[in-house]
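Trainee: Pasting the sequence and the predicted coordinates here, then a few questions.
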Amino acid sequence: MCSRCGLCDTYYVAKVKEACGFIGDGMSRIDQLEEQVHGRQRDLGEADEVTFGVHEHMSFCKLTPGVEGAQWTGVVTTIAVEMLRAGMVEAVVCVQSDPEDELKPKPCIAMTEEEVIEARGVKPSLSPNLEVLAEVEARGIKKLLFIGVGCQVQALRSVEKYLGLDELYVVGTNCTDNGPREGLEKFLQVTSANPDQVKHYEFMQDYRVHMMYKDGVTVEKVPYFCLPADQLTDVIATSCYSCFDYVNSLADVVVGYMGVPFEGPDVPMTKHFQYATIRNEKGREIWDLLRGTERLVEEPTTREGARQDFVKQTLVTDDDVQLGRAKSNPLPLWIGNILADVLEKIGPKGLEFAAYSLDYHVLRNYLLVYRRLGREKAWRHLPAYAKKIIESEDYEAIVAKQIAKGEKGEDWDLLDEMVSALPGEIRDLVNKVR
Ligand SMILES: Cc1cc2nc3c(=O)[nH]c(=O)nc-3n(C[C@H](O)[C@H](O)[C@H](O)COP(=O)(O)OP(=O)(O)OC[C@H]3O[C@@H](n4cnc5c(N)ncnc54)[C@H](O)[C@@H]3O)c2cc1C
Ligand code: SF4
Ligand code: SF4
């Protein structure tokens, strides 16, 4: 398991055993690191802290005008530009495109506004952001902003004390189900009608993947239910199937989109609200700076619906495909669109949708890690908040049931035999329902 975060390409590789989110105590180190970074661990008695991590404040936000060519409205890019302008930092670790391949990430140390702006937009695959750390030291940089995803930030926080910095600020993005550049090719081939045209994509609250084309205008939308799930399992990296830090717990500020209700097909991503989680004092400092631009529009967060039944349904459907107990049956586009419209009306919205996605990923990844490592090692890897979700009344039974299915206990073998003895059509029907 390795998310290619870049640490091992530097001499900090000597610290890999204490820093890597996938070795030894793995992501359970987040518990202690929260204390180190935010002065306290997340409050496991408070539902939103369990889900979103330590925070002082959360809001829906967007910039008007936004940053042209940014992923959404360019909140992340603008923070970095403003911090450079204000002299809060001398340099920003961010991710530009490889000159040979627009979709391939190329981490860099940006010292000017132009270099930061050059890094706008997501390059949707694993990026070795930490590989530039040795250069940060060599250039004598003392005040640094690091932009990155959860696994990178965990490794960074673990070696922070060795970097000789006077100030380190961290702006994180949410991140899940990432993969290597090669896997992105396969994802686009099976998902898009024009794979060569896609620049980036997002899984939106309207139950569709929105794929932005390189022209910056055209957006292709495919309902989740039309994706061939069984062809996509090797597109996601093993590290990301073992990841329990979707919310980037150790950043000062986190910017994402999954917590925001879909504003409708007429509002492009580049004018759509994002959401921000301000975790600590440094986060507040960054956010106050952004407010000072007078381009920031903020609204209180909202939520609607109840996620638990949707989580269980998605988990069982996906896990049965993983186990080979069910085939993924991608729906025709028109039926997928009807289903997406219905779910958008009746499904969880706003922060409740984000919590749906977060709970689902925790449970799915737990089942996969459990099967790969066994209960003891899996438990050693998990942060406390993930254990709390797995053992909650809502999900305990469904997790146990899927584990039993995976272990193909006697009951399931017997059931398999009984089902296979049924006449053809009835057998198919029962298998479909299972
Ligand atoms: C790999 C990845 C996966 C994400 N997955 C989710 C998700 O599942 N749910 C969700 O709500 N939000 C996710 N996000 C966050 C979301 O897509 C936007 O990045 C966020 O809302 C900020 O938008 P913006 O317009 O402010 O960003 P911009 O101003 O356009 O800035 C984007 C920043 O992303 C950085 N970046 C680009 N590529 C990478 C990379 N491969 N790895 C690390 N950093 C990179 C750049 O340095 C740049 O500073 C993800 C982001 C990344 C990078
Ligand atoms: S995830 Fe990072 S720290 Fe862990 S092995 Fe890979 S490169 Fe090294
Ligand atoms: S899903 Fe987790 S492990 Fe994978 S790149 Fe994102 S933060 Fe890293």
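Mentor: Happy to help now that I have it. Ligands and ions are numbered 1, 2, ... in the order given.
Trainee: For the rest of this, base every contact and every neighbour count on C-alpha atoms.
Mentor: Noted.
Trainee: which one's the longest strand in this structure?
Mentor: What stands out as the longest strand in the chain, according to DSSP state E, is strand 101-110.
Trainee: and that strand, anywhere near ligand 2?
Mentor: No. Contact of strand 101-110 with ligand 2 (Cα under 6 Å from any ligand atom) is absent, the minimum separation being 13.7 Å.
Trainee: residues from the stretch 151-300 of the chain in reach of ligand 3?
Mentor: The stretch 151-300 of the chain comes close to ligand 3 at residues 151, 175-178, 239-240, 243, 245, as judged by Cα under 6 Å from any ligand atom.
Trainee: Tabulate those residues in TSV, adding columns for distance to A384 and secondary structure.
Mentor: Supplementary listing: these in TSV, determined by distance: Cα to Cα, whole Å; DSSP: H, G, I helix; E, B strand; the rest coil:
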residue	distance to A384	secondary structure
C151	17	helix
C175	19	coil
T176	19	coil
D177	21	coil
N178	23	coil
S239	19	helix
C240	18	helix
C243	14	coil
D245	12	coil
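Trainee: List the pairing partners of the longest strand of the chain within its sheet, with orientation.
Mentor: strand 91-98 (antiparallel) (DSSP bridges).
Trainee: Which stretches in the stretch 251-400 of the chain count as helices?
Mentor: Per DSSP state H, counting those that start in this stretch, the stretch 251-400 of the chain has helices spanning 281-291, 308-322, 333-346, 351-373, 375-381, 384-390, 396-406. These are given in chain order.
Trainee: Nearest to ligand 1 among the residues of the stretch 151-300 of the chain next to ligand 3?
Mentor: For those, the closest approach to ligand 1 (Cα to the nearest ligand atom) belongs to C175, at 3.5 Å.
Trainee: dump the residue contacts of the spatially closest residue to G121 that is not a sequence neighbour.
Mentor: Here the nearest residue to G121 in space, its sequence neighbours aside, is Q71; by Cα to Cα, 6 or more residues apart in numbering that works out to 4.2 Å. Each residue near Q71 by Cα atoms under 8 Å, 6 or more residues apart in numbering is listed here: 120-122, 269-270.
Trainee: quick one: low-confidence parts of this structure?
Mentor: 408-421, 428-434 (pLDDT under 70).
Trainee: what residues does it put near ligand 1?
Mentor: Counting by Cα under 6 Å from any ligand atom, the residues of the chain lying close to ligand 1 are 70-77, 94-95, 105, 119-127, 147-149, 173-176, 255-258, 274.
Trainee: tally of neighbours for the closest residue to ligand 2 within the stretch 251-400 of the chain?
Mentor: Of all residues in the stretch 251-400 of the chain, H381 sits closest to ligand 2, with a separation of 13.3 Å (Cα to the nearest ligand atom). Around H381 sit 25 other residues, with neighbours defined as other Cα atoms under 10 Å.
Trainee: For it, give me its contacts.
Mentor: For H381, the contact set (Cα under 8 Å, 6+ apart) comprises 22, 24-28.
Trainee: coming back round to it: right, and the helix or strand after the longest strand of the chain?
Mentor: Next helix or strand after strand 101-110 toward the C-terminus (DSSP states H and E): helix 113-118.
Trainee: So what's the gap between the helix or strand just after that next one and the chain middle?
Mentor: Along the chain past helix 113-118, the next helix or strand (assigned with DSSP H and E) turns out to be helix 133-138. Using Cα atoms, centre = their mean, to the nearest Å, the mean C-alpha position of helix 133-138 is found 27 Å from that of the whole chain.
Trainee: hmm, who's touching helix 133-138?
Mentor: By Cα under 8 Å, 6+ apart, the residues outside helix 133-138 that reach it are 10-11, 109, 163-164.
Trainee: which of these tops the neighbour count?
Mentor: With neighbours set by other Cα under 10 Å, the maximum within the contacts of helix 133-138 is found at I109, which has 22 neighbours.
Trainee: Mind listing the residues bridging to that residue?
Mentor: In this structure, I109 bridges to V93 when assessed by DSSP bridges.
Trainee: Now do the same contact list for it.
Mentor: Neighbours of I109 in contact, by Cα under 8 Å, 6+ apart: 91-94, 132, 136.
Trainee: Same question for I30.
Mentor: If a contact means Cα under 8 Å, 6+ apart, then I30 has 154, 249-250, 383 as its contacts.
Trainee: quick one: which helix or strand includes it?
Mentor: In this assignment (DSSP H and E), I30 forms part of helix 29-38.
Trainee: ok, how many other residues are close to the residue of the stretch 301-434 of the chain found nearest ligand 3?
Mentor: When distances are taken as Cα to the nearest ligand atom, the stretch 301-434 of the chain approaches ligand 3 most closely through H361, which lies 9.8 Å from it. Using other Cα under 10 Å as the criterion, H361 is surrounded by 25 other residues.
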